[in-house]
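Undergrad: Okay, sequence plus prediction incoming.
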Amino acid sequence: MGGYCAERRNGGLIRRVAIAVLGIGALSQVGRALAGPLVHTSAFKWATMSQIQVFLAKDNGTVANTTITYSGPVARVVVVVPQPEFPFPKFQIDQVENPTLVLPAGATVKFTFVNEIKGFSHSFQVTRVAPPFAMFPKIQPVLAGTELSPSPRGRKFPYANFIWHPTAGHYYYVCAIPGHAEMGMYGAIIVK
Ligand SMILES: [Cu+2]
């Protein structure tokens, strides 16, 4: 699900450096504007790494290769942006990079999103818009998700909880920070 093509590596390197320089401040403001109005959003709170381990243990998905399947009335999906961030940022769920999520229609999906990358913002936003994504991804309307995260402070990491009640269909989860989805920071969601 990486979506990162070899022929893009040279341009990607330059872009990554640019994002590394700009991403710390200015681009997160741009990204905040891009994120637009969100639904089912809650503010970020702060957790230690040991608290994050407790969150991770609550994920009730079943992993098979790069697909994670949830069943039952309540799906608990714990998403981390793990260290290290390079060569490009990614999501991780149940230790799988940018997995495809399979969810039951009508379930209550309880997401927890954690950003472990110091110096950077990320977001986790659900949309019906399919890849490829541009540097400034147009993913409106966002159906559920987080605002752009703060970056970790000291030994505390920002996390947000939100709930989604999906109907059947194909969706994607995307990071709205400029360049991240373009570099492959997204994954698919199948609701059936
Ligand atoms: Cu990101």
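TA: Arrived safely, thanks for sending. Residues are numbered from 1 along each chain as shown.

Undergrad: Could I get the buried residue list for the helix or strand where residue 111 lies?
TA: Using DSSP states H and E, the element containing residue 111 is strand 108-115. The neighbour-count check on strand 108-115 (16 or more other C-beta atoms under 10 Å) flags 109-115 as buried. Placement of C-beta: from N, CA and C, glycine included.

Undergrad: For those, give me a markdown table that also has pLDDT and distance to residue 58.
TA: Conversion of the buried residues of strand 108-115 to a markdown table gives the following (pLDDT from 0 to 100; distance: C-beta to C-beta, whole Å):
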| residue | pLDDT | distance to residue 58 |
| --- | --- | --- |
| 109 | 97 | 13 |
| 110 | 97 | 9 |
| 111 | 97 | 11 |
| 112 | 97 | 8 |
| 113 | 97 | 13 |
| 114 | 97 | 12 |
| 115 | 96 | 18 |
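
Undergrad: one step back: parallel or antiparallel, which strands does the strand holding residue 111 pair with?
TA: As defined by DSSP bridges, the strand partners of strand 108-115 come to strand 74-81 (parallel), strand 157-164 (antiparallel).

Undergrad: Reformat these as CSV; add distance to the ion and mean neighbour count.
TA: Converted to CSV, the strands paired with strand 108-115 look like this (distance: least, C-beta to the ion, whole Å; neighbours: other C-beta atoms under 10 Å):
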stretch, distance to the ion, mean neighbour count
strand 74-81, 6, 21
strand 157-164, 13, 20
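
Undergrad: Assumed residue 54 was part of a helix.
TA: Yes. Applying DSSP: H, G, I helix; E, B strand; the rest coil, one finds residue 54 inside a helix.

Undergrad: ok, how many other residues are close to it?
TA: By other C-beta atoms under 10 Å, 11 other residues sit near residue 54.

Undergrad: thinking again about what came up before, closest one to the ion out of the buried residues of strand 108-115, please.
TA: residue 115 (8.3 Å; C-beta to the ion).

Undergrad: Just give me the neighbour total for the closest residue to that closest one other than its chain neighbours.
TA: Nearest non-adjacent residue to residue 115, counting by C-beta to C-beta, 6 or more residues apart in numbering: residue 149, 4.1 Å away. Counted by other C-beta under 10 Å, the residues lying close to residue 149 total 24.

Undergrad: repeat for residue 141
TA: 12.

Undergrad: how about it, what does it touch?
TA: residue 127 (C-beta atoms under 8 Å, 6 or more residues apart in numbering).

Undergrad: For it, which three-state class applies?
TA: Going by three-state DSSP: residue 141 is coil.
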